[in-house]
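1. model the structure of this input:
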Amino acid sequence: MMKAGIHYADLVNTVSPTYAHEIMTPGGGAGLDGVLRHFTNKVHGVLNGIDVRIWNPATDVYLPEHYDRRDLAGKRASKVELLKRARLPETRVAQPMIGMVGRLVAQKGIDLLLPIADRLLSTDVTLVVLGSGAGEYETALRELSKRFPDRVGVSIGFDNALAHLITAASDIFLMPSRYEPCGLNQMYSLAYGTIPVVRRTGGLADTVREWNPESKKGTGFLFDHAEPEALSAALGRALGAYWRQDDWKQLIDNAMAEDFSWTRSAQRYRELYDLAIAHRARYVS
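-> Presented below is the predicted three-dimensional model:
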């Protein structure tokens, strides 16, 4: 059915430009890469948007204090509140906090984090994770929190309010997915001035730009290979930037200046629909 739909459609769309290319490869096409390559000229990718009425640090009902790009004081208040909720020492407010929210499955790259977690935590960072999924990963995270009770907070399950708080409170948002058609959490984190560390795949590659300390451009840190050491290197770059105060302030400003609202995505969809209509008009004529 999907093959027939691709064959007869005027246009084919998925949720990010990079993912549109990935589904035309043997590794990403699930057996349909051949037909997609045959119709490559009609394959497109339009990024999803985020609901800025809900995901906005200036109005978010789940935050103890609001903040925006001009005044970030409320972000520190969220960090203090999260440390309290995670039962971690409030003195850790000055240390870099890494947040992770999502399903605990291999697709999301949790297995890339676990082999390097002890080494990462020995650098005096705080790690807060919210999610549920495979039992082996839930168990591994619980054990990690027992080994580092003053540095790791783990909440198994889903809690919308806590997800908002982690997004606001964290300094770094971790999203090392093996594949990610679009992804929303990295866009939420950018809006909240929380710097994403992501794998260069799908919508993650389209929404996060590697920080360049010379040009002062970029919004986060990316890595290519789905391997623990590649993730470790990206986290190392992020943590290095964190301790350079001017660089980190610029990174936050760059991140919060990004626009991933549905207004932008809707305009791109309108352009796509216009293209489909024009294609159909030529076909009918």
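
2. please count neighbours and contacts with C-alpha atoms only from this point.
-> Fine.

3. quick one: Val198 is in a strand?
-> Yes. Checked against DSSP: H, G, I helix; E, B strand; the rest coil, Val198 lies within a strand.

4. so it bridges to which residues?
-> Note on Val198: beta-bridge partners by DSSP bridges are Met175, Leu222.

5. in stretch 267-281, what's buried?
-> By neighbour count with 16 or more other Cα atoms under 10 Å, stretch 267-281 contains the buried residues 269, 272, 276.

6. correction: the previous question concerned stretch 29-45.
-> For stretch 29-45, the neighbour count (16+ other Cα under 10 Å) marks 29, 32-34, 36-37, 39-40, 42-45 as buried.

7. for it, measure first residue to last.
-> Stretch 29-45 has an end-to-end distance of 14 Å (Cα to Cα, to the nearest Å).

8. how far off centre is that stretch?
-> Here the centre of stretch 29-45 is set off from its chain's centre by 26 Å, with Cα atoms, centre = their mean, to the nearest Å.

9. still on that earlier bit, kindly reformat the buried residues of stretch 267-281 as JSON lines containing secondary structure.
-> JSON lines is the format used below for the buried residues of stretch 267-281 (three-state DSSP):
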{"residue": "Tyr269", "secondary structure": "helix"}
{"residue": "Leu272", "secondary structure": "helix"}
{"residue": "Ala276", "secondary structure": "helix"}
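
10. by pLDDT, give me the weakest of those residues.
-> For these, the weakest pLDDT value sits at Ala276, with 92.

11. that one contacts Val12, doesn't it?
-> No. Counting by Cα atoms under 8 Å, Ala276 stays clear of Val12, with 9.4 Å between them.

12. re earlier: among the buried residues of stretch 29-45, which are located in helices?
-> When DSSP state H is applied, the buried residues of stretch 29-45 are split such that 33-34, 36-37 fall in helices.

13. closest one to Glu143 out of those, please.
-> The closest of those to Glu143 turns out to be Asp33 (Cα to Cα; 41.1 Å).

14. excluding sequence neighbours, find me the nearest residue to that closest one.
-> Met24 (4.3 Å; Cα to Cα, 6 or more residues apart in numbering).

15. Trp55 too?
-> Tyr188 (6.5 Å).

16. can you give me the strands for this protein?
-> 12-14, 43-45, 97-101, 126-131, 152-156, 172-175, 195-199, 221-223 (DSSP state E).

17. deepest-packed of these, please.
-> strand 195-199 (a mean of 30; mean count of other Cα atoms under 10 Å).

18. check what pLDDT the nearest residue to Ala168 once chain neighbours are set aside gets.
-> Nearest non-adjacent residue to Ala168, counting by Cα to Cα, 6+ apart: Tyr192, 5.5 Å away. If you check Tyr192, the pLDDT there is 98.

19. what about Tyr192, distance to Asn254?
-> Taken as Cα to Cα, the span from Tyr192 to Asn254 is 11 Å.
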